[in-house]
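# could you work out the structure for the sequence below:
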Amino acid sequence: MTYKAYIDNIRAKTGKGPQYYQKEAKRLGLVKYSELLKWLKGEEGLGHGYANAMIF
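Residues are numbered from 1 along each chain as shown. From the prediction side, this is the model:
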């Protein structure tokens, strides 16, 4: 799956795009990869591949 496909699927399922996740991560003070991954997989409910797509 391409990066664009991950992003499109996330947007279709959640209504949220990269800008939302970037803004929220900044607001929460998350900067480390491990912090971002834990947050996206936990609170945001994204799968591992989808969380990675949002981070990169």
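# and the gap between residue 42 and residue 23?
Residue 42 sits 18 Å away from residue 23, taking C-beta to C-beta, to the nearest Å as the criterion. Using the backbone N, CA and C atoms, a C-beta is placed for each residue, glycine as well.
# wait, I meant residue 8
In this view, residue 8 and residue 23 are 19 Å apart by C-beta to C-beta.
# now stretch 37-55: mean pLDDT?
Averaged over stretch 37-55, pLDDT sits at 95.
# identify each buried residue in that stretch, please.
Neighbour-count burial for stretch 37-55, counted by 16 or more other C-beta atoms under 10 Å, picks out 37, 39-40, 44, 46, 50-54.
# tally up the residues packed near the closest residue to residue 49 other than its chain neighbours, please.
In this structure, residue 49 finds its nearest non-sequential neighbour in residue 6, 6.5 Å apart by C-beta to C-beta, 6 or more residues apart in numbering. By the measure other C-beta atoms under 10 Å, the count of residues near residue 6 is 19.
# list the contacts of the helix or strand hosting residue 6.
Residue 6 is located in helix 3-14, with elements delineated by DSSP states H and E. In this structure, residues lying in contact with helix 3-14 by C-beta atoms under 8 Å, 6 or more residues apart in numbering are 16-18, 44, 46, 49-50, 53-54, 56.
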